[in-house]
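In: Okay, here's the prediction I keep looking at, along with the sequence it came from:
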Amino acid sequence: MQYGAPGQGRHFFMPHRTFVWLCLLPLAVLTAAFFLLPMARLVVTGAEGPQGLAGYLAILVEPRYRATLINTVLLSAATTIVTLIIATVAGMFLQRHRFPGRAVLIAMLTFPLAFPGVVVGFLIILLAGRQGLIGDLSNRLFGEKLVFAYSIFGLFLGYLYFSIPRVILTIMAAVQKLDVGLEEAARSLGASPWAVQRDVVLPALGPAFVASGAIAFATAMGAFGTAFTLATNIDVLPMLIYTEFTLAANFATSAALSVGLGIIAWAILALARSFSGSAVAAAG
Amino acid sequence: MRIESCGKTFADGTRALEPATLDIARGETLVLLGPSGCGKTTMLRIIAGLELPDAGGRVLFDGNDMTSVPIERRNVGMVFQSYALFPNMSVADNIGYGLRIRGMARQERAARVAELVALTNISGLENRRVDQLSGGQRQRVALARAVAVRPGILLLDEPLTALDAALRDRLRGELNRLLRALGITTIYVTHDQSEAMELGDRIVVMEKGAIAQIGTPREIYFMPKNRFVAEFIGAANIVEAPVENGHLVLPGGRQPIGGGASRAAAVAMIRPETIWIVAEGGAPLSGIIDSVSFIGDRQRMVVSGASDKLLTIDAPNTIKAQPGERIGLLITPEAVRLLPAEN
């Protein structure tokens, strides 16, 4: 091996700061090109309608828009809460008990993760649609066909089906990290199983509830495929945006609605996060 | 309190505890001592009600069968190795939790909490969060919380193990005074023999899921029943040699052990501090000093040639002796304890 003379092959020293900025460059380009610019354009478009900036106000003032907005938020909130309840009970059981078929059950529960919303909607129609299982069964039993796939309840079921797999995995991971000693300590002090859940387990799961609840809520707010398949009688915000955009070619309104949807979802998540902030810190 | 032939086999077939019977007197502090995996924690958890004993085992409190009573209705106080303080509650809420569960009125509860805060020396910390406490403070809060409900029996699972050595020594003394003052029946699990000696009225030495010996600290130290107990408690020289006419026949001489028995092979224990160093010829046993380490309050010498193995001696710190020197070793017959032969 040959060694170079001193001075040869000297390294080019790049200041550390420059290096960090260089590393950030791809992210900066990507953010600007695919996020900031279209977003800015969207915000501008929203104000370019016949009403100008007041187009944004229409989301809240126009009865149809406002009703849709309230519908969507309520539906998403209900989905989030019920998902959290089901996922917590099921996740706790699945994490704490070992039984034959457990792995298969977990795999089945998380199977719908990959389904697009349309498939979920299709499944709900198979269950509760006009030719659905429930309708068939109720027809034979009571002589009346029970059909609710196309109502808000069908949509709610679809959203549940969609969010449970996403939430249950987070909850299971959080349950696994729970300190069993805390539960034993509470029991040794006389706490009933219910009191242990209330005073120890649920507070400790708080951060997981916020994290997974936020994802469930945001997903429900923006869910389109399921709504597109099922929502014949009801309007949810993504459907409304779609209608305004493709059918009515009302670009300004659809842009304003999109921005509104984003802001509302973001605001509610921020609220949940700050509300649970103290709880998260306390559980730390 | 009595546990009766309580064994524990886990679902995977591991035998954690051989069926054991144990009586605990009211107000007594009983220490379960042994290396990790010896079954001491399992026994504590059976007493607590966190584990069910195998069929046939019974746990009795004051003559009442508590075996199937869950922990929340056994009125026990428990301190865990990790302390298991509730992170979502303040120090005062932690201490008062058991009282709140029992439905005690707010004012009464506050008074009891204040009493315990004073008793465990944690005044000023009442409103702190648990993660703002040091290890020693957490230990005190855990103890205060366990004692607050006036439990019939206090169970402590390695409560000092998580602390550093200096703090452990100090808290051990404090804990001892507190337990005596409360006069509460206590079961204390530890792997640290000095903790067991200081705190225990009686010590249960456990090995591989079975009770090796039960006795007062003195009995356990001076009269160990077998080699495991002898070696686990304090330092011990274990000597294997034949016995002739009441003498251990050793390479360095014939050491009297009292009596006139003879045995082809015997195992004897001699504590390091019971061996006195005298001039060569001044004792039936002699050997050569291998090494001397000055420890401060004493010096530890290792002597070869006296026994089949090296002998460890704790000598007074004033004796001047050099490695290589030939010395006499004076041991009273009572200081030699014969142990049952190994099987």
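Out: Thanks, I have the structure now.
In: alpha carbons only for contacts and neighbour counts from here, please
Out: Fine.
In: Report how many residues lie close to the residue in the stretch 51-200 of chain B positioned nearest to chain A.
Out: At 4.0 Å from chain A, B:Glu72 is the closest residue in the stretch 51-200 of chain B, using C-alpha to the nearest C-alpha. Neighbours of B:Glu72 under the rule other C-alpha atoms under 10 Å in any protein chain shown: 20.
In: what's the closest non-adjacent residue to it?
Out: Excluding its sequence neighbours, the residue lying closest to B:Glu72 (C-alpha to C-alpha, 6 or more residues apart in numbering or on different chains) is A:Gly190, at 4.0 Å.
In: For residue 259, the count of nearby residues, please.
Out: In the absence of a named chain, chain A is used. With other C-alpha under 10 Å as criterion, A:Val259 counts 16.
In: let's do chain B instead
Out: Using other C-alpha under 10 Å: B:Gly259 sits among 10 other residues.
In: wait, what's in contact with it?
Out: Applying C-alpha atoms under 8 Å, 6 or more residues apart in numbering or on different chains, we find B:Gly259 in contact with B:Asn245, B:Gly246.
In: Check which helix or strand whichever residue of chain A sits closest to chain B maps to.
Out: Nearest residue of chain A to chain B (C-alpha to the nearest C-alpha) works out as A:Gly190 at 4.0 Å. Assignment of secondary structure by DSSP states H and E places A:Gly190 within no helix or strand.
In: A:Ser254 now?
Out: Assigned by DSSP H and E, A:Ser254 falls in helix A:251-283.
In: My read is that the residue nearest to B:Glu72 contacts B:Gly77, right?
Out: No. Using C-alpha atoms under 8 Å, A:Gly190 makes no contact with B:Gly77, being 9.4 Å away.
In: Okay, now the unreliable bits of the chain?
Out: Answering for chain A, as no chain was given. A:1-12, A:275-284 (pLDDT under 70).
In: Sorry, I should have been clearer: chain B.
Out: Using pLDDT under 70, chain B drops low at B:342-343.
In: Can you pull the residues of it lying near chain A?
Out: Within reach of chain A by C-alpha under 8 Å from any C-alpha of the partner chain, chain B has these residues: B:48, B:50, B:71-80, B:82, B:84-89, B:97-98, B:101-102, B:129, B:131, B:146, B:149.
In: Any of those buried? List them.
Out: B:48, B:50, B:71-72, B:74-80, B:82, B:84-89, B:97-98, B:101, B:129, B:131, B:146, B:149 (16 or more other C-alpha atoms under 10 Å in any protein chain shown).
In: Could I get the full set of helices for chain B?
Out: B:40-48, B:91-101, B:106-119, B:135-148, B:165-182, B:193-199, B:217-222, B:227-232 (DSSP state H).
In: Now distance to B:Gly253 too, for those, in JSON lines please.
Out: Shown next, in JSON lines, are those (distance: least, C-alpha to C-alpha, whole Å):
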{"stretch": "helix B:40-48", "distance to B:Gly253": "42"}
{"stretch": "helix B:91-101", "distance to B:Gly253": "62"}
{"stretch": "helix B:106-119", "distance to B:Gly253": "57"}
{"stretch": "helix B:135-148", "distance to B:Gly253": "52"}
{"stretch": "helix B:165-182", "distance to B:Gly253": "41"}
{"stretch": "helix B:193-199", "distance to B:Gly253": "33"}
{"stretch": "helix B:217-222", "distance to B:Gly253": "24"}
{"stretch": "helix B:227-232", "distance to B:Gly253": "23"}
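In: do you know which of these lies nearest B:Arg26?
Out: helix B:165-182 (12.0 Å; C-alpha to C-alpha).
In: What angle do helix B:106-119 and the closest one make with each other?
Out: Calculated by axes from the mean of the first three to the mean of the last three C-alpha atoms, to 10 degrees, helix B:165-182 forms an angle of 130 degrees with helix B:106-119.
In: Which elements pack onto helix B:165-182?
Out: Judged by 3 or more C-alpha pairs under 8 Å, 6 or more residues apart in numbering or on different chains; DSSP states H and E, helix B:165-182 is in contact with helix B:193-199.
In: Show me what the helix it packs on is packed against.
Out: Using 3+ C-alpha pairs under 8 Å, 6+ apart: helix B:193-199 touches strand B:29-33, helix B:165-182.
In: If we use 10 Å, what do you get?
Out: Applying 3 or more C-alpha pairs under 10 Å, 6 or more residues apart in numbering or on different chains; DSSP states H and E, one finds that helix B:193-199 makes contact with strand B:29-33, helix B:165-182, strand B:185-190, strand B:202-207, helix B:217-222.
In: Where does A:Met172 fall, secondary structure wise?
Out: A:Met172 belongs to helix A:152-177, assigned by DSSP H and E.
In: Is any residue of that helix near chain B?
Out: No. Applying C-alpha under 10 Å from any C-alpha of the partner chain, one finds that helix A:152-177 is not in contact with chain B, the shortest distance being 13.8 Å.
In: what residues go with each domain of chain A?
Out: Taking automatic domain parsing as the reference, chain A has its domains at A:1-46, A:57-279.
In: hmm, back to that, what's the residue of chain A closest to chain B sitting at in phi/psi?
Out: phi 100, psi 10 (degrees, to the nearest 10).
In: how about B:Gly209, what does it touch?
Out: B:7-8, B:15-20, B:34, B:37-40, B:42-43 (C-alpha atoms under 10 Å, 6 or more residues apart in numbering or on different chains).
In: again, 6 Å this time
Out: B:Ala16, B:Leu17, B:Glu18, B:Cys38, B:Gly39 (C-alpha atoms under 6 Å, 6 or more residues apart in numbering or on different chains).
In: A:Ala185 belongs to a strand, doesn't it?
Out: No. Counting by DSSP: H, G, I helix; E, B strand; the rest coil, A:Ala185 falls outside a strand, being helix.
In: Now it: closest residue in space, sequence neighbours ignored.
Out: That would be B:Ala84: by C-alpha to C-alpha, 6+ apart, it lies 6.4 Å from A:Ala185.
In: how close does that neighbour sit to A:Asp179?
Out: B:Ala84 is 8 Å from A:Asp179, where distance means C-alpha to C-alpha, to the nearest Å.
In: Once you drop chain neighbours, what's closest to B:Leu60?
Out: Here the residue nearest B:Leu60, using C-alpha to C-alpha, 6+ apart, is B:Arg2, at 5.1 Å.
In: count of neighbours near that neighbour?
Out: Around B:Arg2 there are 18 residues (other C-alpha under 10 Å).
In: That one and B:Ala25 touch, don't they?
Out: No. Counting by C-alpha atoms under 6 Å, B:Arg2 does not reach B:Ala25; the two are 8.6 Å apart.
In: from the helices and strands packed on helix B:193-199, which stretch is densest packed?
Out: Neighbour counts (mean count of other C-alpha atoms under 10 Å in any protein chain shown) averaged over each of those peak at strand B:29-33, with a mean of 28.
In: That one packs against which elements?
Out: If you count contacts as 3 or more C-alpha pairs under 6 Å, 6 or more residues apart in numbering or on different chains; DSSP states H and E, strand B:29-33 packs onto strand B:185-190, strand B:202-207.
In: The first one pairs with which strands, parallel or anti?
Out: Taking DSSP bridges as the criterion, strand B:185-190 pairs within the sheet with strand B:29-33 (parallel), strand B:153-157 (parallel).
In: Quick one, which of these gets closest to B:Gln322.
Out: Smallest distance to B:Gln322 across the strands paired with strand B:185-190 (C-alpha to C-alpha): 37.9 Å, for strand B:29-33.
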